[in-house]
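# Got a predicted structure plus its sequence, pasted below:
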Amino acid sequence: MKSRILIVSASIGVLSLLVIASRWILPFMGMSGVEGELVHPLTGTVPSMTIVFSLSAITVLVMLGKRDEVVYDEQTQEYLESTIWDYPLIVVENSDLEFNIEPPEERVLTGFKSNGNGGYGRGRALEITALSSHRAIDEREYELAGNPAKSAIGEQGKAAGERITAGLLYDHAGQESFNDSGENHAAESGFREMLLKVTVINSSGQLPPPLPDFAGRGFELAELLAARVRPGVRILGLEGLGGIGKTTLAVKLAHEVACDYPDAQVYIDLKGTSPLPLPVSEAQARIIRTFLPTARLPENEGELSRLYQSVLTGKRILLLLDNAANSQQVAALLPPEGCLPVITSRQHISLPEIFSCTLDSLNEPEAIELLNRLIPRLGPKACQVAQLCGRMPLALRLAAGTLTQHPEMTIDEYEARIEGTGRASRPIEAVLMTSYALLSPGLQKLWRMLAVFTDTFDVPAAAALWKINPARAARALNMLLANSLIDRNRNTRRFRLHDKMLQYADSRLTDDERGKATYLHSAHYQSVLHEAGALYEQGGEYLKQGLDMLDLEWHNIQAGQVWAAVNTSTNRYACELCNSYPDAGKYLLELRQHPRERIRWSESALEAAKILRRRKAVARHLISLGNSYIDLSEYQHAIDCCQQALHLARQISDYRCEADALNGLGTAYFIGGGPARAREFHESALEIARAIEDHRTEAVALGSLGLSQQALGDLNAATMLFDQQLRVAREIGDKRNEAFALGGLGMSHLMLGDSQMAVELLNQQLEITKEIGDRRGEANALNNLGSAYAGHKDPKNAVELHRQALAVARELADSRSEAAALGGLGIAYYIDGDPGIAAQFFEQQLKIAAEIGDQRNECYALINLGEALTSLGETQRAIELLNKAFNMARQSEDIQGQANALFNLALALDRSGDRTHAIYQAETSLELFEIGDLPAASVVREKLAEWRK
């Protein structure tokens with residue numbers, strides 16, 4: 001708005017100045033007209049134009065001098081301008097210094113490079129405003145200067161998931177700036193220098209630190225430690241009411257024994273007290289990702305449970321399962337022998353081999369000890385406060401926080417306030433109501449809005465929710481922390497509300513506040529997803545940071561997307577967010593989300609885009625749906641979606657979507673057994689991608705076209721295409737397409753008889769897929785490498801690689817890769833001289849390929865099975881299968897498939913005694929092998945020479 005006013009005012013000022021100047025310039029240039037007809041009208045306008053110019057100049061000067069300000073609601077403004085600024089609340093930990101600074105203006109965090117092709121390479125920067133979460137992130141042209149590694153997410157971002165938490169802007173030379181005018185720079189430089197040392201790490205399962213002021217529970221702690229080493233005890237449980245101190249004691253216990261579990265100490269909040277407890281599958285996934293951070297996990301719960309047990313087997317791990325809903329929730333999370341699960345719950349947990357400790361209120365000496373640690377000034381009055389709080393640890397901490405923040409309040413006055421709530425018999429509720437009532441109205445509103453966070457959150461998230469500057473948000477959070485109304489993990493610097501407080505805060509929210517808060521929450525985490533995706537796209541050290549950020553915030557991101565999807569039909573803002581969520585972290589989500597979940601997101605986004613009448617977005621979401629269906633081997637669904645997208649893209653002249661849709665169609669037809677048709681689609685996509693200079697889409701088209709040429713027998717053309725794809729992918733830093741190109745080149749060299757070069761290239765493919773966490777690509781690379789070792793006459797290594805590929809494929813529920821792995825195992829065993837075992841694997845491959853409609857895999861399974869059956873003497877069935885394989889290959893114009901089917905058919909016919917027909921089929925196969933200049937042609941010639949003797 002400010003920039004618009006500046007532009008309009010400056011334009012009016014310039015025009016008025018030109019009118020004034022023309023009064024004297026025209027006569028000087030001899031252009032006054034007849035008897036001054038051009039000058040006289042101007043003379044009368046000079047006074048009014050002078051006034052206009054003066055007003056314009058004043059407006060420009062005022063706007064240039066005006067600082068950007070955030071608009072707050074009345075109560076928040078009242079609060080932020082009153083008590084909060086009297087406290088030195090922004091503290092840099094591990095430092096003796098505290099700083100009470102003026103909050104900086106809204107800032108822009110920059111540093112993500114964009115390659116102009118949907119990724120983040122060269123030429124552009126992703127701008128994230130400090131208050132960006134009330135809208136989707138914008139991408140704007142921005143000239144980068146200096147070293148982008150020193151930007152907001154650069155060298156300070158090397159710790160996984162680091163976030164800038166005080167609204168600072170780091171410029172591209174590594175210098176910090178609080179405001180454009182440079183005011184108070186010297187006074188603030190110390191704070192900025194110290195803040196740079198703050199490191200926030202990924203806390204997605206990290207054990208919380210023990211409370212420094214832990215007191216009491218000595219007997220219970222000793223009892224639990226003794227039970228741990230008792231025979232027959234494998235599980236420790238802590239039960240009791242909410243606010244009794246179960247989690248605090250469990251964390252203390254976990255740190256006491258952590259050294260005995262060196263592989264990991266994992267904390268999971270099972271959210272058993274919330275309306276929606278954490279699903280068992282989500283808890284398993286979080287624990288698995290402690291060890292497999294880049295894995296895309298199976299959606300099938302049975303497969304996930306098997307993977308969970310497999311990952312934990314043989315490890316020494318401590319699992320702190322906090323806030324369990326019931327025995328059923330934790331039963332599926334129990335780890336194998338050698339691990340220690342520690343469970344907390346308000347319910348009785350009945351499990352075999354569990355020792356349960358039921359917690360009650362602290363005894364009086366313990367309660368007094370805790371109060372004296374929290375607020376030493378109480379002295380003998382501590383006993384009175386302890387009784388008011390029912391000796392409940394949560395109530396004691398709340399009371400201590402309130403009394404610390406209100407030193408003028410006497411204990412009797414505090415007791416009167418407790419009694420005035422009418423809930424004195426329910427200590428936690430009474431103390432919580434009192435603490436809330438003593439907050440200023442503005443701070444009350446800020447606190448109750450935090451009820452929308454069902455997981456931990458950071459300062460930028462709170463700032464986005466409150467629509468205030470992050471520095472002010474940090475101050476407000478510290479004020480709430482001082483009142484014990486929120487908790488903070490000292491290691492991760494993330495905040496949370498105890499479930500008791502969460503429930504109370506939610507009960508105080510008005511419908512209007514809840515609606516605004518949930519929208520702002522959803523918008524913020526859409527931008528976080530975008531940020532994580534941008535980090536991932538940067539590659540290198542940033543790739544892991546992007547994955548860590550996604551894992552850390554995944555529960556919040558999911559909650560944001562669900563809110564947007566549920567409210568699409570009634571709320572335009574929700575509709576906008578729902579439309580943008582799948583695009584926010586597109587490439588990251590392809591790695592992390594199961595295709596079924598991607599489909600759910602894309603379907604919701606598609607509906608939102610239709611409501612918004614965004615035809616480009618509709619096309620994008622249709623393409624995403626098509627790609628997800630391809631991953632699920634549901635090719636007809638994929639073709640339908642991509643055809644709709646193609647039709648729409650051509651209607652609206654969206655060339656990028658048109659190219660993407662063509663690539664999707666080509667891939668679906670290729671896998672479905674139509675490489676010739678696929679080649680046509682990919683050639684069209686390549687032409688468009690080059691015309692619009694979309695290098696990422698160009699790389700995809702080149703690789704897909706290479707696969708089609710491979711299948712059609714033109715290996716030289718395929719090799720050239722993969723070489724081009726590799727060059728383009730490396731130029732734009734696209735690791736995924738680089739891996740694809742290396743795989744294609746490796747397989748081309750293998751088909752041309754150079755197995756040594758194939759092994760080298762395919763090892764590079766495998767290394768990259770592991771680096772970027774592309775599990776589907778990893779399965780493909782393992783299968784390719786297994787085939788190369790089989791071609792190198794090394795069946796033992798081939799078997800091992802295909803078994804690894806099979807395990808990954810089954811983890812991902814990737815039927816296509818599973819079929820390929822089974823076929824590879826069959827080939828390896830056949831080469832090793834065991835056609836019987838080989839035939840069993842080929843039968844499994846054939847069954848899966850037929851079920852999913854993968855005609856290419858089905859065709860090769862028939863060929864390989866026919867060859868194995870010929871070796872076993874089952875020539876009649878072999879002939880039937882090989883005839884079927886030839887017909888499938890001919891229908892799809894697969895030259896190599898036709899040649900292989902006919903040569904194996906010739907071998908089967910000869911084995912059955914029909915050499916005449918065998919020679920005829922072999923001659924036909926030789927012609928086909930020679931079309932593709934394939935090494936197998938020499939083998940056919942030798943066999944024909946032998947038969948003709």
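Arrived safely.

# how about the strands in this structure?
90-91, 98-99, 108-114, 124-129, 138-140, 169-170, 176-177, 235-239, 264-269, 317-324, 340-345, 354-358, 487-489, 494-496 (DSSP state E).

# Next up, the contacts around the spatially closest residue to residue 256 that is not a sequence neighbour.
Distances taken as CB to CB, 6 or more residues apart in numbering place residue 225 nearest to residue 256, at 6.6 Å, with adjacent residues excluded. C-beta: built from backbone N, CA, C; applies to glycine. By CB atoms under 8 Å, 6 or more residues apart in numbering, the residues touching residue 225 are 253, 256-257.

# swap the cut-off to 10 Å and go again
236, 253, 256-257 (CB atoms under 10 Å, 6 or more residues apart in numbering).

# quick one: which two of these are the most distant?
Among these, the pair separated by the greatest distance (CB to CB) is 236 and 256, at 11.4 Å.

# circling back: any idea of the pLDDT on the residue nearest to residue 256?
pLDDT recorded at residue 225 is 90.

# which residues do residue 236 and residue 256 both contact?
224-225, 228.

# taking these one by one, which sit in helices?
Among those, DSSP state H puts 224-225, 228 in helices.

# can you redo those residues as JSON lines with distance to residue 496?
As requested, these are exported to JSON lines (distance: CB to CB, whole Å):
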{"residue": "224", "distance to residue 496": "24"}
{"residue": "225", "distance to residue 496": "27"}
{"residue": "228", "distance to residue 496": "27"}
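
# So which of those residues is the closest to residue 300?
Nearest to residue 300 among those is residue 228, at 34.5 Å by CB to CB.

# I'd guessed residue 670 sits against residue 893; true?
No - applying CB atoms under 10 Å, one finds residue 670 not in contact with residue 893, separated by 11.4 Å.

# Those two: which is more packed in?
residue 670 (26 against 18; other CB atoms under 10 Å).

# Contacts only, for the more buried one.
Here residue 670 is in contact with 630, 635, 676-679, 681-682, 704-705, 707-708, 711, 855-856, 892 (criterion: CB under 10 Å, 6+ apart).

# can you tell me which residues contact the residue sitting nearest the centre point of the chain?
Ranked by distance to the mean C-alpha position of the chain (CA atoms, centre = their mean), the top residue is residue 550 at 3.6 Å. Contacts were defined as CB under 10 Å, 6+ apart; by that measure residue 550 touches 161, 204, 528-529, 531-533, 535-536, 557, 585, 588-589, 591-593.

# thinking again about what came up before, so which of the contacts of residue 670 wins on neighbours?
Neighbour tally across the contacts of residue 670 (other CB under 10 Å): the maximum, 30 neighbours, falls on residue 682.

# what's the distance between that one and residue 689?
Distance, residue 682 to residue 689, by CB to CB, to the nearest Å: 10 Å.

# tell me, what's touching the two both at once?
Joint contacts of residue 682 and residue 689 (CB under 10 Å, 6+ apart) are 659, 662-663, 700-702.

# Farthest-apart pair in those residues, please.
662 and 702 (13.1 Å).

# Can you check which residues contact both of the two?
682, 685-686, 689.

# Kindly indicate which of these lies nearest residue 487.
Closest to residue 487 out of the shared contacts of residue 662 and residue 702 is residue 689 (51.1 Å), distances taken as CB to CB.

# ok, the closest one - contacts?
117, 655-656, 658-660, 662-663, 695-702, 728.

# Can you tell me how far it is from residue 701?
Relative to residue 701, and taking CB to CB, residue 689 is found at 6 Å.

# what do those two both touch?
Shared contacts of residue 689 and residue 701 (CB under 10 Å, 6+ apart): 659-660, 662-663, 728.

# Surely residue 351 touches residue 332?
No - if you go by CB under 10 Å, residue 351 and residue 332 don't touch, sitting 11.3 Å apart.

# Could you tell me how many residues sit around the nearest residue to residue 606 once chain neighbours are set aside?
Spatial nearest neighbour of residue 606, chain neighbours left out: residue 621 (4.1 Å); criterion: CB to CB, 6+ apart. When neighbours are defined as other CB under 10 Å, residue 621 has 26 of them.

# residues contacting residue 621?
Counting by CB under 10 Å, 6+ apart, residue 621 makes contact with 579, 582-583, 601-610, 614, 641, 645.

# of all the residues you listed, which comes closest to residue 838?
Of all these, residue 838 sits closest to residue 641, with 37.7 Å by CB to CB.

# For the closest residue to that closest one other than its chain neighbours, give me the pLDDT.
In space, and not counting its chain neighbours, residue 641 is closest to residue 626: 3.8 Å by CB to CB, 6+ apart. Here, the pLDDT recorded for residue 626 equals 95.

# Residue 626 and residue 654: what is the separation?
For residue 626 relative to residue 654 (CB to CB), the value is 15 Å.

# More neighbours: which of those two?
Set residue 626 next to residue 654 and count neighbours by other CB under 10 Å: residue 626 wins out with 30 against 18.

# Quick check, that one in contact with residue 666.
No - with contacts counted by CB under 10 Å, residue 626 stays clear of residue 666, the gap being 11.1 Å.

# so what sits against both of those two?
residue 642.

# how close does the closest residue to residue 651 other than its chain neighbours get to residue 803?
The spatial neighbour of residue 651 that comes closest, neighbours along the chain excluded (CB to CB, 6+ apart), is residue 615 at 7.4 Å. Counting by CB to CB, the gap from residue 615 to residue 803 is 47 Å.

# Residue 236 and residue 256: who's more crowded?
Legend: neighbour count by other CB under 10 Å for residue 236 and residue 256, higher for residue 236 (25 against 14).

# confidence score at the more buried one?
For residue 236, pLDDT reads 94.

# Surely it touches residue 330?
No - Residue 236 is not in contact with residue 330 according to CB under 10 Å; the separation is 11.9 Å.

# By neighbours, which of the shared contacts of residue 689 and residue 701 wins?
So for the shared contacts of residue 689 and residue 701 (other CB under 10 Å), the most neighbours sit at residue 660, 31 neighbours.

# Distance-wise, check the closest residue to that residue other than its chain neighbours relative to residue 59.
In this structure, residue 660 finds its nearest non-sequential neighbour in residue 623, 4.9 Å apart by CB to CB, 6+ apart. For residue 623, the distance to residue 59 equals 48 Å [CB to CB].

# again, but for residue 358
Residue 358 is 71 Å from residue 59, by CB to CB.

# Looking at the two, which has the bigger crowd around it?
More neighbours surround residue 59 than the other of residue 358 and residue 59, with 17 against 13 (other CB under 10 Å).

# Make sure that one is actually in contact with residue 7.
No - when contacts are counted by CB under 10 Å, residue 59 is not listed as touching residue 7 (11.2 Å).

# quick revisit: name the nearest of the contacts of residue 621 relative to residue 871.
residue 641 (43.3 Å).

# Local confidence estimate at the closest one?
Residue 641 is given a pLDDT of 96.

# Quick check: it touching residue 622?
Yes - contact criterion CB under 10 Å: residue 641 and residue 622 qualify, at 4.8 Å.

# so what sits against both of those two?
If you check residue 641 and residue 622 against CB under 10 Å, 6+ apart, the residues they both contact are 602, 606, 661, 664.

# okay, now the first one: neighbour count?
It stands for residue 602. Neighbours around residue 602, by other CB under 10 Å: 27.

# Same check on the second one?
The burial metric for residue 606, expressed as a neighbour count using other CB under 10 Å, is 22.

# who are the neighbours in contact with residue 565?
With CB under 10 Å, 6+ apart, residue 565 has these contacts: 522, 574-575, 577-578, 581, 600-601, 603-605, 607-608.

# and residue 350, how many neighbours?
Residues near residue 350, counting by other CB under 10 Å, number 11.

# Setting aside sequence neighbours, what's the nearest residue to it?
Using CB to CB, 6+ apart, the closest residue to residue 350 is residue 327 (5.2 Å).

# do the same with residue 618
Residue 618's closest residue in space is residue 609 (CB to CB, 6+ apart), at 4.6 Å.

# Surely that neighbour and residue 645 touch.
No - using CB under 10 Å, residue 609 is not in contact with residue 645; the gap is 11.7 Å.
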